[in-house]
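Visitor: With the sequence up front, the predicted model follows.
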Amino acid sequence: MMMLTKKMIEIRNILQVVGQQSALILPSIVVIGSQSSGKSSVLEAVVGHEFLPKGSNMITRRPIELTLVNTPDAQAEYGEFPALGLGKITDFSSIQRTLTELNLAVPAADCVSDDPIQLSIYSPNVPDLSLIDLPGYIQVSGLDQPPELKQKIADLCDKYIQPPNVILAISAADVDLANSTALRASRRVDPRGERTIGVVTKMDLVEAARGASILGDRKYPLRLGYVGVVSRVPPTSGLFSRGSGNITTAITKNENAYFSAHPLEFGPESELAVGTTTLRKKLMHVLEQTMAASLQGTSDAIHQELEEATYEFKVQYNDRPLSAESYLAESLDAFKHSFKEFAESFGRPQVRELLKEELNQRVLDVLAQRYWNKPITDLTPALVEPDPLSDLPKADPDNLYWHRKLDASSSSLTKLGIGRLATTNVANALQSEVERLINASTFSTHPFARQAITDAVSGILNERFYSTSDQVENCIKPYKYEIEVDDSEWAKGRQNVSDVLSKELKACEAAEKSVETSVGGRKKMKDVMGYIDRVRKGEVVLEGDGVGGGGGFSAALLAKGREAVFLRDRASILSMRLLAIRSKQCTTKNNKYYCPEIFLDIVADKLTATAVLFLNVELLSEFYYNFPRELDLKLGRGLSRDEVERFAREDWRVARHLDVVKRKEMLELVLQKMESLRMLEGREGRREEAK
Ligand code: GDP
């Protein structure tokens, strides 16, 4: 018979995970009694250990769902709090401490909480039982207890003593049964006394005859009967039986001594049920019967639930199976695939283009600084100085001045810190590309994965950064000393730079246009620019420093005007230089001092080509090789089951899908277990009959 209860308790525990509907609940034994009725002592006698919170001020504030599991072949006795993940606890005083802490964690203002504590105890000495210990009823509120505590405890108990649960109503022998709070509560929900077991504690505190008359009383008949116990641990039982040791022997010895001392009242003739051992047997028997009785109903309810889950699975999810693991694996595969596609499209030519763009900009800066440097940025009257632009065509190839100018310009490029710049640029490009890939993937709704991927990227890039940057810097070193140019390079550079300048010219013109629009039209713009030009030529004097405006224009308008003048001047320089570059003079490399733009473009091109060569080997290839592996590690094999589950559930749609799948699986599992239970029951039944 034992097997049945064990299996049913197993089913009961699975059902608790599946759902809270009352139809799906298999019965448990609910223990109620008023404070000091001896409730804890009875439970501890059944378990064989002291493990419940004690102390004058300690009232139980949360239900304890106690699952006792008989482990016939094991030696060890231990407890487990499945929800806390503390592992096996073999020291029962440690279980007691944990329960006390969990109890104290309920805020005093809340009085009691209906969130149950789950505790399983495994031992060869316990029967298979499922018990729920509830807070003891209080008669009179203590001074330091909130007035509503009494009612809240009663309400909580009411919730649990509903069918199909069995009620274990504890009353003390030294209190009139008519005054037993437990029996009164039980009668309200079980008026015919069909699912209540009466336990009368402290039998040793009343005359044996009185005790016997209480147990034999017909005033409050219970179909499942009364059991009288003396479940206190005898004070003389010594140190070893208290705390961590098993107290069963001490209790039964003490109890037997009492009952056998009164054979007339409690002997076999009396037909009264007494003793903790009798109580244990009764509990096992009653629980098994009750569970068996509700099995059919529960099984029907599960069938119905399963049908609903199956329907939802079909309609909402097209019967598509899903597990957190498969979801992660699919997402990861898709992501790696999209990364591979990117990797194939971002190679040497693309890096080259990226870098050249950057260097083109630097070339323009150098030119503006060293060659096109008209003092056009401030409003002070122009100094009389040679105009470098009109000088350029005359640049004498034998004049050291022009040599130095070009050398210095070329140095500004070669000593720019190309290694760092190029590495940063490529790393940034990779980073933002991966970001884009994440956003386009299922990972976009998963902060955990996003973080893991970003970490993987920066991990690899950080590791490669300095060596790559040093390598590149080393390899461009020769260009810091000498740059040789051949004819075909010159021709190509000429074409390149004229494209760059045209593009820049267009950008300047567009910017000027947008400034014009922002100030409100061409006419206004012309007026302001005209004023600024006159100030520059010294024809008018700007009052103050122009902060408060001038010439009838506001400071803001003057600022816009300055911007427009700058853009106009830059555009005119660019057009002039374009003309020069396209002119016959610039067709040969011998005239490089006339055409620094072309020479600098060639420098930039050489730097780019060399940098790309090493970036490709040191950074790009390394990244393409390591990134997918790092992904596997961070999002694949490296994750625990819990982490995978947490990851998948970050997306509520996935969480819902997973829930349906899991619910369906659980219900199927329960049904399967029930089926095997029924077969077992049939076999047991036949064996009983054969006896
Ligand atoms: P609870 O508040 O209902 O959990 O009651 P306890 O189990 O803590 O018991 C209250 C007091 O009654 C304790 O001092 C126990 O030692 C004592 N007690 C419990 N059962 C018995 C018993 O069978 N006989 C005697 N004499 N005392 C008992």
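Guide: Sure, I can see it.
Visitor: What's the per-residue pLDDT of Asp533 here?
Guide: pLDDT, Asp533: 87.
Visitor: do the same with Val42
Guide: The score at Val42 is 95. That number is its pLDDT.
Visitor: List the residues that contact Leu295.
Guide: Contacts for Leu295 were tallied using CB atoms under 8 Å, 6 or more residues apart in numbering; they are 8, 26, 674, 677-678. Where you see a C-beta, it was placed from the backbone N, CA and C, and this is true even at glycine.
Visitor: ok, which pair from those is furthest apart?
Guide: Largest separation among those by CB to CB: Leu26 and Arg678, giving 14.0 Å.
Visitor: which one of those two has more residues nearby?
Guide: Using other CB atoms under 10 Å as the criterion, Leu26 and Arg678 rank with Leu26 on top: 26 against 15.
Visitor: For the more buried one, which residues are in contact?
Guide: 8-9, 11-12, 15, 164, 291, 294-295, 298.
Visitor: Phi first, then psi, for the residue of the chain most remote from its centre.
Guide: Ranked by distance from the centre of the chain (CA atoms, centre = their mean), the top residue is Asp398, with 71.3 Å. Main-chain torsions, Asp398, degrees, to the nearest 10: phi -100, psi -10.
Visitor: What score does it have for pLDDT?
Guide: Per-residue pLDDT puts Asp398 at 79.
Visitor: What separation do you get for it and Ile29?
Guide: From Asp398 over to Ile29 the distance is 111 Å, taken as CB to CB, to the nearest Å.
Visitor: try Ile121
Guide: Ile121 sits 14 Å away from Ile29, going by CB to CB.
Visitor: Just want to know which of those two has more residues nearby.
Guide: Per other CB under 10 Å, whichever of Ile121 and Ile29 has more neighbours is Ile121, with 25 against 22.
Visitor: if I pick the more buried one, what's in contact with it?
Guide: Applying CB under 8 Å, 6+ apart, the residues contacting Ile121 are 47, 49, 51, 66-69, 77-80.
Visitor: Same question for Met666.
Guide: Contacts for Met666 were tallied using CB under 8 Å, 6+ apart; they are 14, 17-18.
Visitor: Out of these, who's the most crowded?
Guide: Once you tally neighbours by other CB under 10 Å, Val18 ends up highest among these, having 19 neighbours.
Visitor: how about the nearest residue to that residue, chain neighbours excluded?
Guide: Met666 (4.8 Å; CB to CB, 6 or more residues apart in numbering).
Visitor: before we move on, what about Lys664?
Guide: Ala309 (4.4 Å).
Visitor: quick one: low-confidence parts of the stretch 401-550 of the chain?
Guide: Applying pLDDT under 70 to the stretch 401-550 of the chain flags residues 543-549.
Visitor: ugh, typo on my part, it should be the chain
Guide: Residue ranges of the chain with pLDDT under 70: 1-3, 19-24, 56-58, 141-144, 236-244, 374-391, 393, 543-549, 684-686, 688-691.
Visitor: related to what we said a few turns ago, Serialize the contacts of Met666 to JSON lines and add fields for secondary structure and distance to the ligand.
Guide: Below are those laid out as JSON lines (DSSP: H, G, I helix; E, B strand; the rest coil; distance: CB to the nearest ligand atom, whole Å):
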{"residue": "Ile14", "secondary structure": "helix", "distance to the ligand": "31"}
{"residue": "Val17", "secondary structure": "helix", "distance to the ligand": "30"}
{"residue": "Val18", "secondary structure": "helix", "distance to the ligand": "32"}
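Visitor: ok, so of those residues, who is nearest His657?
Guide: Lowest distance from His657 to those (CB to CB) belongs to Val18, with 16.7 Å.
Visitor: Go ahead and confirm the closest one touches Leu667.
Guide: Yes: using CB atoms under 8 Å, Val18 is in contact with Leu667, at 6.3 Å.
Visitor: Need the overlap of contacts for those two.
Guide: Contact criterion CB under 8 Å, 6+ apart; residues shared by Val18 and Leu667: Glu305.
Visitor: Helix or strand next in line after the top helix by length along the chain, which one?
Guide: Longest helix in the chain by number of residues (criterion: DSSP state H): helix 276-317. As assigned by DSSP states H and E, the chain's next helix or strand after helix 276-317 is helix 324-345.
Visitor: and for that following helix, what are the contacting residues?
Guide: 433-434, 437-438, 440-443, 449, 453, 624, 627-628, 631-632, 635-636, 639, 641, 644-645, 647-649, 654, 658.
Visitor: Name only those of the residues you listed that count as buried.
Guide: Among the contacts of helix 324-345, the ones that count as buried by 16 or more other CB atoms under 10 Å are 433-434, 437-438, 441-443, 449, 453, 624, 627-628, 631, 635-636, 639, 644-645, 647-649, 654, 658.
Visitor: What backbone torsions are found at the closest residue to Asn13 other than its chain neighbours?
Guide: Spatial nearest neighbour of Asn13, excluding adjacent residues (CB to CB, 6+ apart): Thr67 at 6.8 Å. For Thr67, the backbone dihedrals are phi -110, psi 120 (criterion: degrees, to the nearest 10).
Visitor: Enumerate the beta-bridge partners assigned to Thr67.
Guide: For Thr67, the beta-bridge partners are Ser120, Ser130 (DSSP bridges).
Visitor: Give me the distance between it and Gln361.
Guide: Distance, Thr67 to Gln361, using CB to CB: 72 Å.
Visitor: Neighbour count: those two, which is higher?
Guide: More neighbours surround Thr67 than the other of Thr67 and Gln361, with 22 against 13 (other CB under 10 Å).
Visitor: That one contacts Glu10, doesn't it?
Guide: No: here Thr67 does not reach Glu10: they are 9.4 Å apart, not a contact under CB under 8 Å.
Visitor: Which residues in stretch 605-616 does the neighbour count mark as buried?
Guide: 605-608, 610-616.
Visitor: Could you do stretch 45-58 as well?
Guide: 45-53.
Visitor: Give me the subset of those lying in helices.
Guide: Per DSSP H, the buried residues of stretch 45-58 map to helices at 45-47.
Visitor: one step back: could I get the contacting residues of the residue nearest to Asn13?
Guide: With CB under 8 Å, 6+ apart, Thr67 has these contacts: 9, 13, 118-121, 129-130.
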